[in-house]
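Chemist: I would like to see how this sequence folds:
(chains A, B and C)
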Amino acid sequence: MPRLPRRFFARPTLEVARDLLGQRLVRVWNGKRLAGIISETEAYIGESDLACHARFGRTPRSEVMYHAPGHVYVYFTYGMHWMLNVVTEMEDFPAAVLVRAIMPTEGMPLMRERRGRPDAILTDGPAKLTQALGIDRQLNGHDLCSREAVLFIEKAPPRPNARILRGPRIGLGNTPEPWLSKKWNFKIRDS
DNA sequence: GGCCCGATACTCT
DNA sequence: GAGTATCGGGCCC
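Modeler: Numbers count the residues shown, from 1 in each chain, chains lettered A, B, ... in the order given. Presented below is the predicted three-dimensional model:
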């Protein structure tokens, strides 16, 4: 299956977040493929979105969100976790989709080694999947659409039985309304 | 299944 | 100095 082209990401963030569900996230590590089907995403859109890291404008951390669509924004949080985001919309407009969960399909032995936990909880959270795939600061700013990418997203066959659930974003804590309640979280529920 | 809590270090008003 | 786009362990159903 072909890789998603840059124009896929150069669209409204909510559309990208929804359409990323069911696609295959691939990490190439030492020539081996680690992959999984994206099953949960979340949109963060612009400086006015008070849950978005660009709410303070262009800073060293948020810089990558202002880059061209198809780049990857990887950030560190809670003193120990890495989060994977895909930059969307047009260059200089800061927006991204957080990948919150994947269903593992390839390279599970290495994922198990990295996680040291049961298969059922290998990649079912944003920090779990980065640990399983070996994604950290080194990949911040990486271009998913370049020929030499070691991280990219492949178009996967449609999932006819998949239902898409929408809800509020997770873990926003003190974020004020209306941002707290925006239904910008998307997930697949297979039936 | 659920709730509570500590770990941990980086970001920025 | 405060807050954080989380996880896992301990505990209780």
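Chemist: okay, CA-based contacts and neighbour counts for the rest of this
Modeler: Will do.
Chemist: can the longest strand seen in chain A be said to contact DNA strand C?
Modeler: Counting residues, the longest strand found in chain A (DSSP state E) is strand A:32-45. Yes. Under the criterion of CA under 7 Å from any atom of the strand, strand A:32-45 makes contact with DNA strand C via residue A:44.
Chemist: list of residues touching that strand?
Modeler: By CA atoms under 8 Å, 6 or more residues apart in numbering, the surrounding residues in contact with strand A:32-45 are A:13-14, A:17-18, A:20-28, A:51-52, A:94-108, A:111, A:133, A:169, A:184-188.
Chemist: can the helix or strand containing residue A:101 be said to contact DNA strand C?
Modeler: Here residue A:101 is covered by strand A:95-106, with elements defined by DSSP states H and E. Yes. Contact of strand A:95-106 with DNA strand C (CA under 7 Å from any atom of the strand) involves A:96, A:97, A:98.
Chemist: any idea of the angle the longest strand of chain A forms with strand A:95-106?
Modeler: An angle of 150 degrees separates the directions of strand A:32-45 and strand A:95-106 when computed by axes from the mean of the first three to the mean of the last three CA atoms, to 10 degrees.
Chemist: if we can go back for a sec, out of the contacts of strand A:32-45, which are buried?
Modeler: In the contacts of strand A:32-45, burial by neighbour count holds for A:13-14, A:17-18, A:20-28, A:51-52, A:94-104, A:106-108, A:111, A:133, A:169, A:184-188, counting by 16 or more other CA atoms under 10 Å.
Chemist: for residue A:100, which non-adjacent residue is spatially closest?
Modeler: residue A:126 (4.1 Å; CA to CA, 6 or more residues apart in numbering).
Chemist: same check on residue A:115?
Modeler: Nearest in space to residue A:115, with sequence neighbours left out and distances taken as CA to CA, 6+ apart, is residue A:132 at 5.8 Å.
Chemist: helix/strand/coil for the one you found?
Modeler: For residue A:132, the secondary-structure state derived from DSSP: H, G, I helix; E, B strand; the rest coil is helix.
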